[in-house]
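**Student:** For reference, the sequence and a predicted model appear below.
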Amino acid sequence: MAGLREMTMDLKLMGRVDAALLHGTALPSPIFRTVLGVWLQTKPTAEKRQQCLSCHAPAVTVFPQHTDRIIEQVLTGKVTVEGISCASCHMVEKLAEDTKQVPAFQINADKTMFGPFKDAEDNMVHNSFASPLYKGANYCTACHFEKTRDIRSPTIDSEILEGSVCQSCHMEQTTGSSTSKRGALTREIGRHYFRGIVIPGLMLKNRNLQAEWMPRLEVKADRSGTKVEGEIAVMNGAVPHNFPDGDPVLKQFYLTVTVKDKNGHLLGTTQKTFGNSYANLLEQPLGDILVKGGTTKHVPFELTLTAEGEGMLLDVMLTYSLIPRPEPGLLEGYLKTLPSDADREKATRLLANYAEPRILTFRTKPL
């Protein structure tokens with residue numbers, strides 16, 4: 001990128017890179033506003049409030065004094081500030097030395113724009129500087145910190161994707177134009193759609209994608225009388241994608257184990273929840289979630305049956321929700337801040353919908 005007026009067809013169609021993309025729509029989003037409002041009922045510190053906005057409005061990492069003003073705009077639904085703009089990404093100079101810091105990017109707030117271009121040229125608006133960081137996966141995982149096992153690695157730890165990085169699929173190369181002091185120039189540029197390449201229909205048709213992107217379950221179980229003990233291995237493909245997507249801080253996963261007799265009568269059940277509550281959303285380690293590309297999590301379980309019998313079946317189901325279900329006190333406190341019954345009804349409906357568990361996969365095993 002030699003200038004802010006750099007154009008490809010996607011930028012020409014949208015006018016602004018953040019006008020029609022998920023990168024730029026969090027702040028005015030109804031569910032973002034609602035979840036933020038509930039979380040604020042936990043009385044987070046100023047540091048936590050800034051960290052919460054850091055990925056959605058990176059400017060607060062440089063100007064933390066504006067954090068509460070932006071939050072107030074989000075809560076009122078009258079957002080006048082930018083979330084993710086061109087400068088938000090192209091002012092990232094380096095990553096933090098602390099490997100646990102999330103988000104990891106560090107912005108240099110002067111007139112220099114950074115990018116992956118080969119021959120950096122200053123223009124009449126800003127200086128330009130070529131940075132190899134922009135060609136690494138670690139540039140993306142500075143915010144999308146749950147996508148890979150090593151978020152500071154510039155490469156992806158996957159035999160299938162060896163030699164590829166996030167930008168290979170999500171910013172495929174095209175031809176664009178840029179400005180310099182010498183006028184308009186034509187050169188290669190990555191597309192700025194940032195589109196994902198997975199849709200439900202594609203997932204249903206392509207078994208290879210299911211095998212690599214969907215979590216799988218392996219179950220070991222032993223029964224002694226009415227006691228059942230075992231272990232569930234939640235195996236995630238080597239491709240650094242989590243399915244479903246969603247905010248890694250908010251996502252919830254549920255492993256439900258049930259035992260039924262040969263007639264389908266329930267004899268016992270137990271469930272484990274993986275995810276943060278609103279009170280500890282930003283507690284470390286961030287991004288250490290149950291379904292994470294290239295990892296296998298081992299989960300022990302035990303339950304006591306109500307009766308013995310033959311022909312028993314053990315069912316294990318993995319479900320997820322995009323947000324945690326708010327505790328009654330937090331929900332009540334947030335609803336009191338809303339101006340009308342219609343707003344309260346809408347917020348309640350949104351939270352219920354996004355917190356509803358949905359099935360990912362299951363496994364059945366005879367006991």
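**Tutor:** Yep, it's here.

**Student:** Val38 versus Ala279, what's the distance?
**Tutor:** Taking Cβ to Cβ, to the nearest Å as the measure, Ala279 and Val38 are separated by 11 Å. Quick note: C-beta positions are derived from backbone N, CA and C, even for glycine.

**Student:** Could you list the domains of the chain?
**Tutor:** 9-26+84-190, 200-366 (automatic domain parsing).

**Student:** ranking those domains by mean pLDDT, which is last?
**Tutor:** Of all the domains of the chain, the segment with the smallest mean pLDDT is domain 9-26+84-190, scoring a mean of 79.

**Student:** CA-only coordinates of the host helix or strand of Phe114, as CSV, when you get a sec.
**Tutor:** When secondary structure is defined using DSSP states H and E, the element that contains Phe114 is strand 112-115. Listed next in CSV are the C-alpha coordinates belonging to strand 112-115 (Å, rounded to 0.1, in the frame of the first residue of the first chain):
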residue,chain,number,x,y,z
THR,A,112,3.6,6.3,8.8
MET,A,113,1.5,3.6,7.2
PHE,A,114,2.8,0.0,7.3
GLY,A,115,2.0,-2.7,4.8
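
**Student:** Identify the spatial nearest neighbour of the residue positioned nearest the centre of the chain, chain neighbours not counted.
**Tutor:** The geometric centre of the chain, computed from its C-alpha atoms, lies nearest to Asp247 (Cα atoms, centre = their mean), at 3.4 Å. Once its chain neighbours are removed from consideration, Asp247 has its nearest residue in Leu322; the separation is 7.3 Å (Cβ to Cβ, 6 or more residues apart in numbering).

**Student:** For that neighbour, list the residues it contacts.
**Tutor:** Pro244, Gly246, Asp247, Leu250, Lys251, Gln252, Tyr354, Ala355 (Cβ atoms under 8 Å, 6 or more residues apart in numbering).

**Student:** What residue, apart from its backbone neighbours, is nearest the second one spatially?
**Tutor:** Nearest-residue entry for Gly246: Leu322, 4.6 Å, with adjacent residues in sequence omitted and distances by Cβ to Cβ, 6+ apart.

**Student:** And that neighbour, how far from Leu350?
**Tutor:** 11 Å.

**Student:** before we move on, what about Asp157?
**Tutor:** For Asp157, the distance to Leu350 under the criterion Cβ to Cβ works out to 37 Å.

**Student:** now swap in Val219 and tell me
**Tutor:** 35 Å.

**Student:** what's the answer for Ile84, then?
**Tutor:** With distances taken as Cβ to Cβ, Ile84 is found 22 Å from Leu350.

**Student:** Kindly report the same for Ala59.
**Tutor:** Distance, Ala59 to Leu350, by Cβ to Cβ: 27 Å.

**Student:** more neighbours, those two?
**Tutor:** Neighbours of Ala59 and Leu350, each counted by other Cβ atoms under 10 Å, are more numerous for Ala59; the result is 22 against 16.

**Student:** can you pull the pLDDT of the more buried one?
**Tutor:** The model's pLDDT for Ala59 equals 92.
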